[in-house]
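Undergrad: need a structure here:
(4 chains)
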Number of protein chains: 2
Amino acid sequence: MTTIPFEQPFFTVDNVLFSIKNDTLHVLLVQRAAPPFDGNWSLPGGFIDINEDKNVQDAAMRKLQHKAGLTPSYLEQLEVFSGKDRDPRGYSVSLAFFALVPFAEVASNIVTVSQAKWWLMSDLANLTLAFDHKHIIARAHQRLMQKALYSMLPVFCLPETFTVGQLKNVIEAILGKEIQRKSLMRRIEASDMFIQTEHKIASGGRQAQLYQLKPGVDITHFNRNMGA
Amino acid sequence: MTTIPFEQPFFTVDNVLFSIKNDTLHVLLVQRAAPPFDGNWSLPGGFIDINEDKNVQDAAMRKLQHKAGLTPSYLEQLEVFSGKDRDPRGYSVSLAFFALVPFAEVASNIVTVSQAKWWLMSDLANLTLAFDHKHIIARAHQRLMQKALYSMLPVFCLPETFTVGQLKNVIEAILGKEIQRKSLMRRIEASDMFIQTEHKIASGGRQAQLYQLKPGVDITHFNRNMGA
DNA sequence: ATAATAGTGTCTATAAGACAGTATCGC
DNA sequence: GCGATACTGTCTTATAGACACTATTAT
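TA: Numbering: from 1, shown residues only, chains lettered A, B, ... in the order given. Sure, this is the predicted structure:
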């Protein structure tokens, strides 16, 4: 093992975990218990453990499990944020992840950390976050919106079985605007990602068909954007 | 300045710089002059210098200038590659960048490094590269192909002024298949990214209109894929 | 005039948007 | 029955593909 030249920046991972509660987009934050920014809300993340984590996604996963007891159903790299001034401890390089999960309350019996909480996206405007985390969330939201236009990614915010109406609500919560139910149905059909099951009642009216992901399929990417 | 817990992975940047020469896609490689993998061809990259580089893109830029005397006209983050086994020196985290430049021969009067060379993409199959760099190039190529379908990104492989025919050739070299000239013209028109200049002869026939990027425009993203 | 490349006209094909109309449920 | 939600039919719209046609240059 050779020695590494120069002084190295320190490397962390951060997670922007989204989910949908009451048909609105939420993001998971944790309250910092140590300096810097102690007391402030921040993205769940931290240092990689090179003895535990096989790679950076492993580290991101571990942080989410450790800090909120949640295992995302989708996780991808978002972007690296770096610089001398973003962390008072020194030059830092943080890889942000972008993740989705079916809504579940944060496991409160986790001893680990002070507090984890789902925040309404629209409530973040008036909240001061640690580091450049507000900016990171904005970037993640952009990416989520973009992907919702041309892929079936939003299904990862839903439980194993779901209805077309539920998926429509999720997509609309992400995009902040209505989409055509008909267009969504055509995509569900065309993607060939789902199988149908029994039935279910949603509220007042006719029962809705339940769908679930075919085992082992990849998320389909369409070659046109929808609702744009 | 607080101390950082745990042992940290070491962090590097790598560049996948593409360009077009003779209507074929090329990638820039450098020959390693030190272990590990000394003698092998590899992506131009290296350690970040926290006193020189404002952030990670700065570091990537500096590496390209230093190792080949080239300044990319487009640079974006690709993906982080990480793990215990990808570098014999230990647990490594490498942020790969994806970059484009109008073709120019490598500055040979650069004292710095052994050798930098443009390689034909199709010649890489039979070449052994250092680390997981072949895999990184494959990922970068996927991304480039994808973006060529819905954006004007390929113009960054061309000089300041260029013809529609040249842009068509670049896109075809990237995609490995023909596209409709008419479709491209429609996009040039619709994007409103370019202005026209005088004229020029390409080879045998009629003179072609020269275009150039309007100052300060962003690259347009269309909401359909082309040629797919 | 011919060959070669540049550029246009226009018809077809594909998938999304709009929205009326039908189906099935609880009450 | 009524209200509500689920689903279908189908017409319109937007943009890419195909490809014949015209334009302009060098020789």
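
Undergrad: tell me which element the closest residue to DNA strand D within chain A falls in.
TA: When scored by C-beta to the nearest atom of the strand, chain A has residue A:205 as its residue closest to DNA strand D, at 2.6 Å. Using the backbone N, CA and C atoms, a C-beta is placed for each residue, glycine as well. Following DSSP states H and E, there is no helix or strand that holds residue A:205.

Undergrad: so which bits of chain A are right by chain B?
TA: For chain A, the contact set with chain B under C-beta under 8 Å from any C-beta of the partner chain comprises A:1-2, A:4-11, A:35-36, A:47-51, A:54-56, A:77, A:79-80, A:82-84, A:88-91, A:93, A:95, A:149, A:223-225, A:228.

Undergrad: then residue A:217 would be within a strand, right?
TA: No - under DSSP: H, G, I helix; E, B strand; the rest coil, residue A:217 falls outside any strand and is assigned coil.

Undergrad: the residue of chain A closest to DNA strand D: how many residues sit nearby?
TA: Residues lying near residue A:205 (other C-beta atoms under 10 Å in any protein chain shown) number 8.

Undergrad: can you tell me how far it is from residue B:100?
TA: Look at residue A:205 and residue B:100: by C-beta to C-beta, to the nearest Å, they are 53 Å apart.

Undergrad: and what of residue A:187?
TA: Relative to residue B:100, and taking C-beta to C-beta, residue A:187 is found at 32 Å.

Undergrad: kindly report the same for residue A:52.
TA: Distance of residue A:52 to residue B:100, given as C-beta to C-beta: 38 Å.

Undergrad: compare neighbour counts for the two and give me the winner.
TA: Higher neighbour count among residue A:52 and residue B:100: residue B:100, with 24 against 10, using other C-beta under 10 Å.

Undergrad: need phi/psi at the more buried one.
TA: Backbone dihedrals for residue B:100, given as degrees, to the nearest 10, come out at phi -130, psi 150.

Undergrad: what helices or strands is the longest helix along chain A leaning on?
TA: Secondary structure assigned by DSSP state H gives helix A:133-150 as the longest helix of chain A. Applying 3 or more C-beta pairs under 8 Å, 6 or more residues apart in numbering or on different chains; DSSP states H and E, one finds that helix A:133-150 contacts strand A:10-21, strand A:74-83, strand A:92-100, helix A:164-175.

Undergrad: on the three-state scheme, residue A:107 is what?
TA: Under three-state DSSP, residue A:107 comes out as coil.

Undergrad: and if you look at residue A:46?
TA: Assignment for residue A:46 (three-state DSSP): strand.

Undergrad: ok so, going back, residue A:163 versus the residue of chain A closest to DNA strand D, what's the distance?
TA: From residue A:205 to residue A:163 the distance is 12 Å (C-beta to C-beta).

Undergrad: name the residues that touch the worst-scoring helix or strand of chain A on mean pLDDT?
TA: Ranked by mean pLDDT, DSSP states H and E, the helix or strand of chain A with the weakest confidence is strand A:194-200, at a mean of 89. Strand A:194-200 is contacted by residues A:161, A:163, A:188, A:207, A:208, A:209, A:210, A:211, A:212, A:213, A:214 when judged by C-beta atoms under 8 Å, 6 or more residues apart in numbering or on different chains.

Undergrad: repeat the analysis, applying 6 Å as the threshold.
TA: With contact meaning C-beta atoms under 6 Å, 6 or more residues apart in numbering or on different chains, strand A:194-200 is reached by A:161, A:188, A:207, A:208, A:209, A:210, A:211, A:214.

Undergrad: let me see the domain layout of chain A.
TA: A:10-149, A:151-213 (automatic domain parsing).

Undergrad: can I get the helices and strands packed on helix A:133-150 in TSV with distance to residue A:200?
TA: Shown next, in TSV, are the helices and strands packed on helix A:133-150 (distance: least, C-beta to C-beta, whole Å):
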stretch	distance to residue A:200
strand A:10-21	18
strand A:74-83	24
strand A:92-100	22
helix A:164-175	10
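
Undergrad: looking at these, which is nearest to DNA strand C?
TA: Closest approach to DNA strand C among these is made by helix A:164-175 (10.2 Å; C-beta to the nearest atom of the strand).

Undergrad: now do the buried residues in the closest one.
TA: Within helix A:164-175, the residues scored as buried using 16 or more other C-beta atoms under 10 Å in any protein chain shown are A:164, A:166, A:167, A:168, A:169, A:170, A:171, A:172, A:173, A:174, A:175.

Undergrad: enumerate the residues of chain A near DNA strand D.
TA: Within reach of DNA strand D by C-beta under 7 Å from any atom of the strand, chain A has these residues: A:163-165, A:181-182, A:185, A:202-209.

Undergrad: what parts of chain A come near DNA strand C?
TA: Residues of chain A lying near DNA strand C by C-beta under 7 Å from any atom of the strand: A:179-183, A:186-187, A:190, A:199, A:201, A:204-207, A:222-224, A:226-228.

Undergrad: are any of those buried, and which?
TA: A:179, A:187, A:222, A:226, A:227.

Undergrad: so the first one makes contact with residue A:227?
TA: Yes - in this structure residue A:179 lies within contact range of residue A:227 using C-beta atoms under 6 Å: 4.5 Å.

Undergrad: quick one, what contacts residue A:165?
TA: Going by C-beta under 6 Å, 6+ apart, residue A:165 touches A:202, A:208.

Undergrad: and it, what pLDDT?
TA: Listed pLDDT for residue A:165 reads 96.

Undergrad: quick one: buried residues of stretch A:146-161?
TA: By neighbour count on 16+ other C-beta under 10 Å, the buried set for stretch A:146-161 is A:147-158, A:161.

Undergrad: quick one: those as JSON lines, columns for pLDDT too.
TA: As requested, the buried residues of stretch A:146-161 are exported to JSON lines (pLDDT from 0 to 100):
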{"residue": "A:147", "pLDDT": "98"}
{"residue": "A:148", "pLDDT": "98"}
{"residue": "A:149", "pLDDT": "98"}
{"residue": "A:150", "pLDDT": "98"}
{"residue": "A:151", "pLDDT": "98"}
{"residue": "A:152", "pLDDT": "98"}
{"residue": "A:153", "pLDDT": "98"}
{"residue": "A:154", "pLDDT": "98"}
{"residue": "A:155", "pLDDT": "98"}
{"residue": "A:156", "pLDDT": "98"}
{"residue": "A:157", "pLDDT": "98"}
{"residue": "A:158", "pLDDT": "97"}
{"residue": "A:161", "pLDDT": "95"}
